[in-house]
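Peer 1: Following is a predicted model, sequence given first.
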Amino acid sequence: MLDPKFTANQQREKKNLSFATQKLENLPPLAFRLPQKPAKNLIFIHFSKTGGTNLHYVAEALAKISDFKYKRFWVPKNPLVPNASPILVYVGYKGGLASAQAALTADPNCCNNLDLISGHFPFGLHKEAVIPAQYITLLGDPVERAISGANFDNQRGFVSDELVNDYLLQAGIDNPQTRMLAGLEYMSGECNQETLAKARANIEQHFLLAGVKEDTNTFIQALASIQGWGPLSLVKAQVTGKKIISNPSSDVIKQLQEKHRFDKELYEWVKARWYKWKEENIASSQVETDQKYLCITAEFSTTSIPFLMTANEIEAYNQRKTSELIQIDQILGGIPSTPSAAPVVPHFEQKKSEVSIETEPKDPKESYEKKNVPRWPSV
């Protein structure tokens, strides 16, 4: 069980602090060498610090402005692990699977006919929900991911400055990515070659796409192109801006490499597999489109408001932004890193779309127009 010293939450005043980039990056639809079949009941296993929040925000935006059906299973508070970070994976971790199980008990059909389900949870939700499904995920280099996760939890107030180095090495379970992709039964006991083989087999048999953090936007772009989500334009969300661990010693690196050695092997395999898939399937990454882009700005985490902009409007928007990170408090709203970087966000209310019982995919352009998505104000 997790050492109580890591869950004291001694810096509660910093809890909601995050950062995002300011400039949008356009993700136009891709051209594929062969037709790609869109999937229904997609399940996104979201590993923290791999860029997955960007995909979560895209799904939230699509659900807000179209008939896209999205469900996120959040990590519930565990009374046995008080104040633990929701991204900290420990022995016996279920994450959002516990919320999914509770929801399925209340309504056994709650996961039926959804476009996307996501959360921090182990592989196997399709068995719990008894639905045909395909999975997607993004993996990160295990050492870089562990360091980023410890810094992020310190930034968010889940671990004190004094304990963060011990937290990095001791708090979480070994090889969390391998264990979670193998399934819930592998979240305790020894992680070994059998666990790794199971994770790889699950990816080969059940995953539409498995990518890597350093290519997150291309992963989202490919997924959006397969699923027909239309052109997207994104900032990078949930960035770790406060890095108390910035230059770990060679001994710390060595300990992390040993602790997460199966994650490293899995990550390298997925990375090679992802880049091979790109080479074999993507014909062009710059398809011209006159369709408006669905834009997720830095303020989306506090407003949940997406915008539609043309390529020219995005270019003008970016010219007013800097390369600096913007500080975000997810309850209180955006706090610009400099006065000149203050975002211009119009105030209005946006009604969430009703859940549709229709299962046929919609044309995103048609849906956007029907839902009256706000346009970014002209400069």
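Peer 2: Structure's in. What do you need? The shown structure was predicted, so the numbers you read here are calculated from the model rather than taken from an experiment.

Peer 1: going forward, measure contacts between C-alpha atoms and count neighbours the same way
Peer 2: Noted.

Peer 1: didn't T297 look like it was pressed against L234?
Peer 2: Yes. Between T297 and L234 there is a contact under Cα atoms under 8 Å: 6.4 Å.

Peer 1: Give me the common contacts of those two.
Peer 2: 23-24 (Cα atoms under 8 Å, 6 or more residues apart in numbering).

Peer 1: For these two, indicate the residue with more neighbours.
Peer 2: Per other Cα atoms under 10 Å, whichever of T297 and L234 has more neighbours is T297, with 26 against 23.

Peer 1: what sits against the more buried one?
Peer 2: T297 makes contacts with 22-24, 234-235, 306, as judged by Cα under 8 Å, 6+ apart.

Peer 1: As a check, name the ranges of all helices in the stretch 151-300 of the chain.
Peer 2: Using DSSP state H, counting those that start in this stretch, the helices of the stretch 151-300 of the chain run over 164-170, 176-182, 193-206, 216-227, 250-259, 261-281, 300-303.

Peer 1: Show me what the first one is packed up against.
Peer 2: Counting contacts by 3 or more Cα pairs under 8 Å, 6 or more residues apart in numbering; DSSP states H and E, the secondary-structure elements packed against helix 164-170 are helix 142-155, helix 250-259.

Peer 1: May I see the buried residues of that helix?
Peer 2: Judged by neighbour count (16 or more other Cα atoms under 10 Å), helix 164-170 contains these buried residues: 164-165, 167-169.

Peer 1: what about the stretch 51-200 of the chain, any weak spots by pLDDT?
Peer 2: Within the stretch 51-200 of the chain, no stretch falls below the threshold (pLDDT under 70).

Peer 1: quick one on the thing from earlier: now distance to G119 too, for the helices of the stretch 151-300 of the chain, in JSON lines please.
Peer 2: JSON lines is the format used below for the helices of the stretch 151-300 of the chain (distance: least, Cα to Cα, whole Å):
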{"stretch": "helix 164-170", "distance to G119": "22"}
{"stretch": "helix 176-182", "distance to G119": "12"}
{"stretch": "helix 193-206", "distance to G119": "17"}
{"stretch": "helix 216-227", "distance to G119": "16"}
{"stretch": "helix 250-259", "distance to G119": "24"}
{"stretch": "helix 261-281", "distance to G119": "19"}
{"stretch": "helix 300-303", "distance to G119": "16"}
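
Peer 1: Just name the most buried of the ones you listed.
Peer 2: Sort those by mean neighbour count, taking mean count of other Cα atoms under 10 Å, and helix 176-182 sits at the top with a mean of 26.
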